[in-house]
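Asker: model this:
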Amino acid sequence: MTFVNPSLGLVTSPAEMSASVAAEALSALTASYYPTIQLELDSAAKALFCYMRPEGRPSYTPELLRDLGRMQNDIALATAVGEPFRYFVVGSRVAGTFNLGGDLDLFGAKIRAGDKAALRAYAHACVDVVYHNAIGYGQRVTTVALVQGAALGGGFEAALSCHHIVAERSATFGLPEVLFNLFPGMGAYSLLSRRLDAVRAERIILSGKVYSAAELYEMGLVDMLVEDGEGEVAVREYLARLDRRFNAHQAVLQARHRVHALTREELIDVVDVWVDAAMKLDDADLRRMGRLVRAQTRRHGSGAETRLAAE
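Answerer: Below you'll find the predicted structure:
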């Protein structure tokens, strides 16, 4: 595997990296050059916290994907020759919203323009985010989603890509793509069919239903259900419990990866099916997509307050 770091240059493989390179990468992780995410390294919890704060509609904008890609590359560099942290936690600084998923305005524009290559490039960037969460960066890193608010479409897929989900009681989850004649292509089928089974995965995907955190806890998709406002404290308690059995927990994750192996190739193949399907949407489908964007924007806000107290 080859990693490219914007500040450190090209490193051909993890084996060739020195401890100094890893230390510099760790320093880069907590620097302020990721405009759409906030990173906090909690040494006591042995965790790196990543809070999304995209501008505009709280979705996976190209800018957020750019910053997540750069961050994930730095994580790969920092963890390849050491253990600067054991846990990676992804959350949100957007009040009431984890993430609303794909950039539907971008989807509509690219589909109308017939720009399949740009839509595919966007989709592949989403897959890379999902894949690195799912494999723990190929290292002994446990990934955890802290869901406070709505996790829809790609936001739900991002949460599912993590090894564990901690959710506040008012959190909601759903895959609304079927409402505009599409399906969630950035990992939902692969991830749900592994956590549940193909029948229940398809039922969730084709329902378009919004599920409560309690419903997903009963299904086994949410690992820890906590009261509203208690998520950040609870996730640290959850990490502490995992850490007391770190060796056993890591062994179980390795067994999970072996038995239910998820490859980037699988994710790419599925998302390419999604791209082909997206390019077939007609004007009526795109109008329904637009109405969903407007409804979500009214309900969850424009994202103008995403930086909140993070500055």
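
Asker: show me where this protein has its helices.
Answerer: Applying DSSP state H to the chain gives helices spanning 19-29, 62-80, 104-113, 116-134, 154-161, 188-195, 198-207, 213-219, 231-244, 246-259, 264-278, 283-300.

Asker: who's in contact with the last one?
Answerer: Under the criterion C-beta atoms under 8 Å, 6 or more residues apart in numbering, residues 57-58, 94, 96-97, 100, 104-105, 107-108, 111-112, 149-150, 152, 176, 179-182, 281 lie in contact with helix 283-300. (Each C-beta comes from the backbone N, C-alpha and C, glycine too.)

Asker: mind listing what residue 104 touches?
Answerer: 59, 289-290, 292-293.

Asker: ok, residue 280 - how many residues close by?
Answerer: For residue 280, the count of nearby residues is 10 (other C-beta atoms under 10 Å).

Asker: quick one: it and residue 209, what's the gap?
Answerer: Residue 280 is 24 Å from residue 209, where distance means C-beta to C-beta, to the nearest Å.

Asker: what's the distance between stretch 176-196 and the middle of its chain?
Answerer: Remark: stretch 176-196 is offset 14 Å from the chain centroid, using C-alpha atoms, centre = their mean, to the nearest Å.

Asker: just the C-alphas of that stretch, formatted as PDB.
Answerer: This file holds the C-alpha atoms of stretch 176-196, laid out as PDB (Å, rounded to 0.1, in the frame of the first residue of the first chain):
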ATOM      1  CA  PRO A 176     -33.800   7.500   2.000                       C
ATOM      2  CA  GLU A 177     -32.400   6.900  -1.500                       C
ATOM      3  CA  VAL A 178     -35.200   4.700  -2.600                       C
ATOM      4  CA  LEU A 179     -37.500   7.700  -2.300                       C
ATOM      5  CA  PHE A 180     -35.900   9.100  -5.400                       C
ATOM      6  CA  ASN A 181     -35.500   5.800  -7.200                       C
ATOM      7  CA  LEU A 182     -31.900   5.000  -6.200                       C
ATOM      8  CA  PHE A 183     -30.200   2.800  -3.600                       C
ATOM      9  CA  PRO A 184     -27.500   3.600  -1.000                       C
ATOM     10  CA  GLY A 185     -24.300   2.600  -2.800                       C
ATOM     11  CA  MET A 186     -21.500   3.600  -0.500                       C
ATOM     12  CA  GLY A 187     -21.400   0.400   1.600                       C
ATOM     13  CA  ALA A 188     -24.900  -0.100   3.000                       C
ATOM     14  CA  TYR A 189     -25.500  -3.500   1.400                       C
ATOM     15  CA  SER A 190     -22.100  -4.800   2.200                       C
ATOM     16  CA  LEU A 191     -22.200  -3.600   5.800                       C
ATOM     17  CA  LEU A 192     -25.800  -4.400   6.700                       C
ATOM     18  CA  SER A 193     -25.600  -7.900   5.100                       C
ATOM     19  CA  ARG A 194     -22.600  -8.700   7.300                       C
ATOM     20  CA  ARG A 195     -24.100  -7.300  10.500                       C
ATOM     21  CA  LEU A 196     -27.500  -8.800   9.900                       C
END
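
Asker: in that stretch, which residues are buried?
Answerer: Neighbour-count burial for stretch 176-196, counted by 16 or more other C-beta atoms under 10 Å, picks out 176-177, 180-194, 196.

Asker: just the mean pLDDT for that stretch, thanks.
Answerer: For stretch 176-196, the mean pLDDT works out to 97.

Asker: so that it lines up with my notes, have the first residue be 155 from now on.
Answerer: Renumbered: residue one is now 155, and that last one reads stretch 330-350.
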